[in-house]
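Chemist: sequence? don't have it. structure:
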(Lines give C-alpha, C1' and ligand atoms only; values in the text may rest on other atoms or scores of the structure.)
Protein backbone atom coordinates (compact mmCIF):
# COMPACT_ATOMS: atom_id res chain seq x y z
CA UNK A 1 0.00 0.00 0.00
CA UNK A 2 1.48 3.32 -1.07
CA UNK A 3 1.20 5.88 1.69
CA UNK A 4 2.64 8.89 3.34
CA UNK A 5 4.25 7.92 6.63
CA UNK A 6 3.49 10.41 9.40
CA UNK A 7 6.06 11.19 12.04
CA UNK A 8 6.33 8.42 14.63
CA UNK A 9 7.52 10.56 17.49
CA UNK A 10 4.94 11.03 20.21
CA UNK A 11 4.30 14.54 21.51
CA UNK A 12 5.26 15.24 25.11
CA UNK A 13 1.69 16.09 26.02
CA UNK A 14 -1.56 15.14 24.36
CA UNK A 15 -4.00 17.96 23.42
CA UNK A 16 -6.66 16.65 25.80
CA UNK A 17 -8.90 19.72 25.66
CA UNK A 18 -8.92 19.80 21.85
CA UNK A 19 -9.62 16.07 21.55
CA UNK A 20 -12.40 16.26 24.15
CA UNK A 21 -13.92 19.19 22.27
CA UNK A 22 -13.97 17.28 18.99
CA UNK A 23 -15.53 14.23 20.65
CA UNK A 24 -18.20 16.43 22.27
CA UNK A 25 -18.89 18.17 18.97
CA UNK A 26 -19.45 14.97 17.07
CA UNK A 27 -21.51 13.47 19.91
CA UNK A 28 -23.93 16.38 19.79
CA UNK A 29 -24.04 16.25 16.01
CA UNK A 30 -24.72 12.50 16.08
CA UNK A 31 -27.62 13.00 18.49
CA UNK A 32 -29.19 15.47 16.06
CA UNK A 33 -28.73 13.09 13.15
CA UNK A 34 -30.05 10.16 15.14
CA UNK A 35 -33.13 12.18 16.10
CA UNK A 36 -33.95 13.40 12.59
CA UNK A 37 -34.25 10.00 10.85
CA UNK A 38 -37.14 8.57 12.92
CA UNK A 39 -38.74 11.99 13.40
CA UNK A 40 -39.12 12.64 9.68
CA UNK A 41 -40.33 9.09 9.09
CA UNK A 42 -43.03 9.50 11.74
CA UNK A 43 -44.20 12.74 10.13
CA UNK A 44 -44.34 11.26 6.64
CA UNK A 45 -46.19 8.23 7.96
CA UNK A 46 -48.83 10.49 9.54
CA UNK A 47 -49.18 12.22 6.18
CA UNK A 48 -50.13 8.88 4.64
CA UNK A 49 -47.00 8.34 2.53
CA UNK A 50 -46.19 4.79 1.44
CA UNK A 51 -43.23 2.92 2.98
CA UNK A 52 -41.48 3.08 -0.39
CA UNK A 53 -41.78 6.88 -0.55
CA UNK A 54 -40.62 7.20 3.07
CA UNK A 55 -37.61 5.03 2.27
CA UNK A 56 -36.71 7.03 -0.83
CA UNK A 57 -36.98 10.25 1.15
CA UNK A 58 -34.67 8.86 3.85
CA UNK A 59 -32.14 7.78 1.20
CA UNK A 60 -31.58 11.42 0.23
CA UNK A 61 -29.39 12.02 3.29
CA UNK A 62 -26.87 9.21 2.65
CA UNK A 63 -26.90 10.22 -1.02
CA UNK A 64 -25.81 13.68 0.11
CA UNK A 65 -23.05 12.04 2.14
CA UNK A 66 -21.78 10.18 -0.90
CA UNK A 67 -21.83 13.15 -3.27
CA UNK A 68 -20.19 15.54 -0.79
CA UNK A 69 -17.30 13.10 -0.26
CA UNK A 70 -15.83 14.05 -3.63
CA UNK A 71 -15.70 17.76 -2.73
CA UNK A 72 -14.45 17.72 0.87
CA UNK A 73 -10.66 17.74 0.23
CA UNK A 74 -10.89 20.63 -2.25
CA UNK A 75 -13.27 22.62 -0.05
CA UNK A 76 -11.09 22.15 3.03
CA UNK A 77 -7.98 23.26 1.12
CA UNK A 78 -9.74 26.31 -0.31
CA UNK A 79 -11.61 27.52 2.79
CA UNK A 80 -9.69 25.75 5.55
CA UNK A 81 -11.00 22.81 7.56
CA UNK A 82 -12.00 25.02 10.49
CA UNK A 83 -14.17 27.38 8.43
CA UNK A 84 -15.71 24.48 6.54
CA UNK A 85 -16.63 22.68 9.79
CA UNK A 86 -18.29 25.81 11.18
CA UNK A 87 -20.17 26.38 7.93
CA UNK A 88 -21.40 22.77 8.04
CA UNK A 89 -22.78 23.11 11.56
CA UNK A 90 -24.55 26.38 10.70
CA UNK A 91 -25.90 25.02 7.41
CA UNK A 92 -27.26 21.89 9.10
CA UNK A 93 -29.14 23.99 11.66
CA UNK A 94 -30.67 26.19 8.93
CA UNK A 95 -31.60 23.20 6.79
CA UNK A 96 -33.31 21.44 9.70
CA UNK A 97 -35.26 24.65 10.37
CA UNK A 98 -36.30 24.70 6.70
CA UNK A 99 -37.44 21.07 6.97
CA UNK A 100 -39.54 21.98 10.01
CA UNK A 101 -41.07 24.94 8.17
CA UNK A 102 -41.92 23.17 4.90
CA UNK A 103 -43.30 19.79 5.96
CA UNK A 104 -43.83 18.54 2.45
CA UNK A 105 -42.28 15.36 1.06
CA UNK A 106 -41.29 17.01 -2.23
CA UNK A 107 -39.55 19.91 -0.47
CA UNK A 108 -37.80 17.42 1.77
CA UNK A 109 -36.10 15.61 -1.12
CA UNK A 110 -33.60 18.42 -1.85
CA UNK A 111 -33.47 19.54 1.79
CA UNK A 112 -32.58 16.07 3.09
CA UNK A 113 -29.98 15.72 0.35
CA UNK A 114 -28.45 19.06 1.35
CA UNK A 115 -28.42 18.20 5.06
CA UNK A 116 -26.47 15.05 4.20
CA UNK A 117 -24.15 17.10 2.01
CA UNK A 118 -23.59 19.53 4.92
CA UNK A 119 -23.25 16.90 7.66
CA UNK A 120 -20.68 14.68 6.00
CA UNK A 121 -17.77 17.19 5.95
CA UNK A 122 -18.10 17.69 9.69
CA UNK A 123 -17.69 13.97 10.31
CA UNK A 124 -14.77 13.75 7.88
CA UNK A 125 -13.01 16.79 9.33
CA UNK A 126 -13.55 15.67 12.93
CA UNK A 127 -12.15 12.21 12.21
CA UNK A 128 -9.17 13.76 10.44
CA UNK A 129 -8.50 16.05 13.40
CA UNK A 130 -8.84 13.17 15.85
CA UNK A 131 -6.40 10.97 13.93
CA UNK A 132 -3.94 13.82 13.40
CA UNK A 133 -3.90 14.80 17.09
CA UNK A 134 -3.87 11.31 18.59
CA UNK A 135 -0.40 10.19 19.71
CA UNK A 136 0.45 6.92 17.92
CA UNK A 137 0.80 5.03 21.20
CA UNK A 138 -2.74 6.03 22.22
CA UNK A 139 -4.45 6.19 18.84
CA UNK A 140 -6.26 2.87 19.29
CA UNK A 141 -7.96 3.85 22.55
CA UNK A 142 -8.76 7.37 21.38
CA UNK A 143 -10.35 6.19 18.14
CA UNK A 144 -12.24 3.58 20.16
CA UNK A 145 -13.60 6.35 22.39
CA UNK A 146 -14.50 8.39 19.32
CA UNK A 147 -16.33 5.48 17.67
CA UNK A 148 -18.18 4.63 20.89
CA UNK A 149 -19.33 8.21 21.44
CA UNK A 150 -20.54 8.62 17.86
CA UNK A 151 -22.47 5.34 18.05
CA UNK A 152 -23.94 6.33 21.41
CA UNK A 153 -25.02 9.69 19.99
CA UNK A 154 -26.90 8.02 17.15
CA UNK A 155 -28.54 5.66 19.67
CA UNK A 156 -29.52 8.49 22.05
CA UNK A 157 -31.05 10.61 19.27
CA UNK A 158 -34.26 8.58 18.90
CA UNK A 159 -34.67 8.44 22.70
CA UNK A 160 -34.98 12.22 22.85
CA UNK A 161 -38.25 11.89 20.95
CA UNK A 162 -39.78 10.26 24.02
CA UNK A 163 -39.36 13.62 25.77
CA UNK A 164 -39.86 16.08 22.92
CA UNK A 165 -42.54 14.14 21.06
CA UNK A 166 -42.86 13.90 17.30
CA UNK A 167 -45.30 16.70 16.55
CA UNK A 168 -44.84 20.41 15.99
CA UNK A 169 -41.65 22.39 16.54
CA UNK A 170 -40.36 20.95 19.88
CA UNK A 171 -38.45 17.95 18.40
CA UNK A 172 -37.04 20.13 15.63
CA UNK A 173 -35.91 22.72 18.18
CA UNK A 174 -34.00 19.98 20.00
CA UNK A 175 -32.19 19.09 16.77
CA UNK A 176 -31.56 22.72 15.80
CA UNK A 177 -30.25 23.51 19.30
CA UNK A 178 -27.90 20.56 19.08
CA UNK A 179 -26.49 21.84 15.79
CA UNK A 180 -26.04 25.31 17.32
CA UNK A 181 -24.32 23.79 20.35
CA UNK A 182 -22.10 21.86 17.98
CA UNK A 183 -21.03 25.13 16.36
CA UNK A 184 -20.41 26.75 19.75
CA UNK A 185 -18.14 23.90 20.86
CA UNK A 186 -16.29 24.13 17.55
CA UNK A 187 -15.69 27.85 18.06
CA UNK A 188 -14.21 27.14 21.48
CA UNK A 189 -11.75 24.49 20.28
CA UNK A 190 -10.88 25.67 16.76
CA UNK A 191 -7.74 27.58 17.82
CA UNK A 192 -6.31 24.24 18.97
CA UNK A 193 -7.13 22.35 15.78
CA UNK A 194 -4.46 21.39 13.21
CA UNK A 195 -5.01 22.97 9.80
CA UNK A 196 -5.11 20.75 6.73
CA UNK A 197 -3.84 23.05 3.99
CA UNK A 198 -1.07 20.82 2.70
CA UNK A 199 -1.02 21.49 -1.05
CA UNK A 200 0.54 18.11 -1.83
CA UNK A 201 -2.52 16.24 -3.06
CA UNK A 202 -1.36 13.23 -5.08
CA UNK A 203 -4.75 11.58 -5.50
CA UNK A 204 -8.47 12.23 -5.56
CA UNK A 205 -11.14 10.65 -3.38
CA UNK A 206 -11.97 8.19 -6.15
CA UNK A 207 -8.27 7.52 -6.71
CA UNK A 208 -7.82 6.64 -3.05
CA UNK A 209 -9.56 3.35 -3.81
CA UNK A 210 -6.47 2.35 -5.78
CA UNK A 211 -4.12 3.62 -3.08
CA UNK A 212 -5.73 1.67 -0.21
CA UNK A 213 -8.21 -0.84 -1.68
CA UNK A 214 -8.23 -3.11 1.37
CA UNK A 215 -9.09 -0.28 3.75
CA UNK A 216 -11.87 0.87 1.43
CA UNK A 217 -13.29 -2.65 1.24
CA UNK A 218 -13.13 -2.91 5.04
CA UNK A 219 -15.25 0.24 5.43
CA UNK A 220 -17.65 -0.99 2.73
CA UNK A 221 -17.98 -4.32 4.57
CA UNK A 222 -18.65 -2.71 7.96
CA UNK A 223 -21.38 -0.48 6.51
CA UNK A 224 -22.98 -3.23 4.43
CA UNK A 225 -22.98 -5.59 7.42
CA UNK A 226 -24.59 -3.10 9.80
CA UNK A 227 -27.23 -1.78 7.42
CA UNK A 228 -28.19 -5.21 6.07
CA UNK A 229 -28.60 -6.61 9.56
CA UNK A 230 -30.66 -3.64 10.78
CA UNK A 231 -32.87 -3.79 7.68
CA UNK A 232 -33.41 -7.56 7.41
CA UNK A 233 -32.91 -9.13 10.83
CA UNK A 234 -36.63 -8.74 11.54
CA UNK A 235 -37.40 -10.89 8.49
CA UNK A 236 -34.87 -13.51 9.61
CA UNK A 237 -36.06 -13.54 13.22
CA UNK A 238 -39.75 -13.83 12.38
CA UNK A 239 -39.02 -16.76 10.05
CA UNK A 240 -37.45 -18.51 13.06
CA UNK A 241 -40.40 -17.80 15.34
CA UNK A 242 -38.96 -14.85 17.28
CA UNK A 243 -41.35 -12.11 18.38
CA UNK A 244 -40.97 -8.52 17.22
CA UNK A 245 -40.09 -7.49 20.78
CA UNK A 246 -37.31 -10.09 21.00
CA UNK A 247 -35.92 -9.07 17.61
CA UNK A 248 -35.93 -5.38 18.56
CA UNK A 249 -34.18 -6.18 21.86
CA UNK A 250 -31.54 -8.25 20.09
CA UNK A 251 -30.84 -5.34 17.74
CA UNK A 252 -30.50 -3.07 20.78
CA UNK A 253 -27.97 -5.50 22.26
CA UNK A 254 -26.12 -5.53 18.92
CA UNK A 255 -25.86 -1.72 18.99
CA UNK A 256 -24.90 -1.75 22.69
CA UNK A 257 -21.96 -4.05 21.96
CA UNK A 258 -20.90 -1.61 19.26
CA UNK A 259 -20.99 1.27 21.75
CA UNK A 260 -19.36 -0.44 24.73
CA UNK A 261 -16.53 -2.51 23.27
CA UNK A 262 -14.83 -0.14 20.80
CA UNK A 263 -12.46 1.14 23.49
CA UNK A 264 -11.20 -2.34 24.48
CA UNK A 265 -10.78 -3.16 20.79
CA UNK A 266 -8.78 0.04 20.32
CA UNK A 267 -6.55 -0.87 23.27
CA UNK A 268 -6.04 -4.33 21.78
CA UNK A 269 -5.03 -2.70 18.48
CA UNK A 270 -2.26 -0.83 20.28
CA UNK A 271 -0.84 -4.17 21.45
CA UNK A 272 -1.38 -6.41 18.42
CA UNK A 273 -1.68 -3.93 15.55
CA UNK A 274 -4.87 -2.62 13.98
CA UNK A 275 -4.55 -4.90 10.94
CA UNK A 276 -4.44 -8.04 13.09
CA UNK A 277 -7.36 -6.87 15.23
CA UNK A 278 -9.31 -6.10 12.06
CA UNK A 279 -8.66 -9.69 10.97
CA UNK A 280 -9.95 -10.94 14.32
CA UNK A 281 -13.04 -8.72 13.98
CA UNK A 282 -13.78 -10.08 10.51
CA UNK A 283 -13.33 -13.69 11.65
CA UNK A 284 -15.49 -13.24 14.76
CA UNK A 285 -18.17 -11.47 12.72
CA UNK A 286 -18.20 -14.37 10.25
CA UNK A 287 -18.34 -16.83 13.16
CA UNK A 288 -21.34 -14.97 14.55
CA UNK A 289 -23.06 -15.42 11.20
CA UNK A 290 -22.34 -19.15 11.25
CA UNK A 291 -23.64 -19.52 14.82
CA UNK A 292 -26.76 -17.41 14.31
CA UNK A 293 -29.11 -20.21 13.12
CA UNK A 294 -28.01 -22.47 15.99
CA UNK A 295 -27.97 -19.92 18.82
CA UNK A 296 -31.00 -17.78 17.93
CA UNK A 297 -33.47 -19.93 19.92
CA UNK A 298 -31.12 -20.17 22.93
CA UNK A 299 -30.09 -17.83 25.72
CA UNK A 300 -26.53 -17.77 24.35
CA UNK A 301 -27.68 -15.51 21.52
CA UNK A 302 -27.61 -12.52 23.90
CA UNK A 303 -23.87 -12.42 24.75
CA UNK A 304 -22.95 -13.53 21.22
CA UNK A 305 -25.01 -10.69 19.71
CA UNK A 306 -23.33 -8.20 22.08
CA UNK A 307 -19.86 -9.24 20.87
CA UNK A 308 -21.13 -9.52 17.30
CA UNK A 309 -22.11 -5.84 17.27
CA UNK A 310 -18.71 -4.85 18.64
CA UNK A 311 -16.62 -6.72 16.10
CA UNK A 312 -18.82 -5.77 13.14
CA UNK A 313 -18.33 -2.05 13.78
CA UNK A 314 -14.81 -2.68 15.06
CA UNK A 315 -13.80 -3.30 11.44
CA UNK A 316 -14.46 0.40 10.79
CA UNK A 317 -12.66 1.52 13.94
CA UNK A 318 -9.59 -0.51 12.94
CA UNK A 319 -9.78 1.10 9.50
CA UNK A 320 -9.60 4.57 11.07
CA UNK A 321 -6.58 3.56 13.15
CA UNK A 322 -4.77 2.19 10.09
CA UNK A 323 -5.60 5.33 8.15
CA UNK A 324 -3.74 7.34 10.78
CA UNK A 325 -0.82 4.93 10.72
CA UNK A 326 -0.23 5.24 6.98
CA UNK A 327 -1.38 8.72 5.93
CA UNK A 328 -0.98 12.32 7.00
CA UNK A 329 -1.74 15.85 5.83
CA UNK A 330 -3.89 16.24 2.76
CA UNK A 331 -3.89 12.49 2.12
CA UNK A 332 -5.39 11.91 5.56
CA UNK A 333 -8.27 14.25 4.70
CA UNK A 334 -8.70 12.56 1.32
CA UNK A 335 -8.67 9.15 2.96
CA UNK A 336 -11.36 10.13 5.46
CA UNK A 337 -13.52 11.51 2.64
CA UNK A 338 -13.00 8.24 0.76
CA UNK A 339 -14.06 6.35 3.89
CA UNK A 340 -17.30 8.34 3.92
CA UNK A 341 -17.85 7.40 0.28
CA UNK A 342 -17.19 3.72 1.00
CA UNK A 343 -19.51 3.79 4.02
CA UNK A 344 -22.31 5.31 1.97
CA UNK A 345 -21.79 2.80 -0.83
CA UNK A 346 -21.80 -0.12 1.61
CA UNK A 347 -24.89 1.16 3.36
CA UNK A 348 -26.76 1.46 0.08
CA UNK A 349 -25.53 -1.84 -1.43
CA UNK A 350 -25.66 -4.06 1.66
CA UNK A 351 -29.43 -4.50 2.14
CA UNK A 352 -30.27 -5.13 -1.56
CA UNK A 353 -27.39 -7.61 -1.93
CA UNK A 354 -28.37 -9.49 1.22
CA UNK A 355 -32.05 -9.38 0.33
CA UNK A 356 -31.32 -10.84 -3.09
CA UNK A 357 -29.38 -13.73 -1.55
CA UNK A 358 -32.32 -14.33 0.80
CA UNK A 359 -34.71 -14.38 -2.17
CA UNK A 360 -32.52 -16.97 -3.89
CA UNK A 361 -31.86 -19.43 -1.04
CA UNK A 362 -34.24 -18.44 1.76
CA UNK A 363 -33.78 -16.62 5.05
CA UNK A 364 -30.41 -18.30 5.68
CA UNK A 365 -29.16 -16.00 2.95
CA UNK A 366 -28.81 -13.29 5.62
CA UNK A 367 -26.00 -14.92 7.63
CA UNK A 368 -24.52 -16.41 4.46
CA UNK A 369 -24.26 -13.07 2.63
CA UNK A 370 -22.76 -11.33 5.67
CA UNK A 371 -20.33 -14.20 6.28
CA UNK A 372 -19.19 -14.02 2.65
CA UNK A 373 -18.40 -10.32 3.00
CA UNK A 374 -16.45 -10.85 6.23
CA UNK A 375 -14.70 -13.89 4.79
CA UNK A 376 -13.58 -11.97 1.73
CA UNK A 377 -12.23 -9.20 3.97
CA UNK A 378 -10.40 -11.71 6.17
CA UNK A 379 -8.83 -13.33 3.10
CA UNK A 380 -7.65 -9.92 1.88
CA UNK A 381 -6.08 -9.10 5.25
CA UNK A 382 -4.31 -12.47 5.42
CA UNK A 383 -2.95 -11.92 1.91
CA UNK A 384 -1.76 -8.42 2.86
CA UNK A 385 -0.04 -9.67 6.03
CA UNK A 386 1.61 -12.51 4.12
CA UNK A 387 2.83 -10.13 1.42
CA UNK A 388 4.26 -7.82 4.07
CA UNK A 389 6.14 -10.70 5.72
CA UNK A 390 7.53 -11.79 2.35
CA UNK A 391 8.71 -8.27 1.59
CA UNK A 392 10.29 -7.96 5.04
CA UNK A 393 12.02 -11.32 4.53
CA UNK A 394 13.52 -10.17 1.24
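Modeler: Perfect, thanks for sending it. Since we're looking at a predicted model, the values are computed, not measured.

Chemist: where do the helices sit along the stretch 101-250 of the chain?
Modeler: Remark: helices assigned in the stretch 101-250 of the chain by DSSP state H, counting those that start in this stretch are 105-133, 139-159, 161-164, 170-189, 208-211, 213-239, 244-272.

Chemist: and the first one, what does it pack against?
Modeler: Contacts defined by 3 or more C-beta pairs under 8 Å, 6 or more residues apart in numbering; DSSP states H and E place helix 105-133 against helix 16-46, helix 51-69, helix 72-79, helix 81-101, helix 139-159, helix 301-326, helix 329-361. (C-beta placed from N, C-alpha, C; glycine too.)

Chemist: now that helix: buried residues?
Modeler: The neighbour-count check on helix 105-133 (16 or more other C-beta atoms under 10 Å) flags 105, 108, 111-133 as buried.

Chemist: what's the angle from that helix to helix 51-69?
Modeler: Here helix 105-133 runs at an angle of 40 degrees relative to helix 51-69 (axes from the mean of the first three to the mean of the last three C-alpha atoms, to 10 degrees).

Chemist: buried stuff in stretch 210-230?
Modeler: So stretch 210-230, judged by 16+ other C-beta under 10 Å, has buried residues 211-212, 214-229.

Chemist: ugh, typo on my part, it should be stretch 331-351
Modeler: Quick answer for stretch 331-351 (16+ other C-beta under 10 Å): 331-348, 350-351.

Chemist: make CSV from the helices of the stretch 101-250 of the chain and add distance to residue 391 to it.
Modeler: Below are the helices of the stretch 101-250 of the chain laid out as CSV (distance: least, C-beta to C-beta, whole Å):
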stretch, distance to residue 391
helix 105-133, 25
helix 139-159, 24
helix 161-164, 53
helix 170-189, 41
helix 208-211, 17
helix 213-239, 15
helix 244-272, 20
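
Chemist: would you tell me which of those gets closest to residue 374?
Modeler: helix 213-239 (6.5 Å; C-beta to C-beta).

Chemist: check which helices and strands the closest one sits against.
Modeler: helix 244-272, helix 274-295, helix 301-326, helix 329-361, helix 365-393.

Chemist: repeat that for 10 Å
Modeler: Counting contacts by 3 or more C-beta pairs under 10 Å, 6 or more residues apart in numbering; DSSP states H and E, helix 213-239 is packed against helix 51-69, helix 208-211, helix 244-272, helix 274-295, helix 301-326, helix 329-361, helix 365-393.

Chemist: which one, of those helices, ends up nearest to residue 82?
Modeler: Using C-beta to C-beta, the helices and strands packed on helix 213-239 put helix 329-361 closest to residue 82, at 12.6 Å.

Chemist: now for that closest one, which elements pack on it?
Modeler: So helix 329-361, by 3+ C-beta pairs under 10 Å, 6+ apart, packs with helix 51-69, helix 72-79, helix 105-133, helix 208-211, helix 213-239, helix 301-326, helix 365-393.
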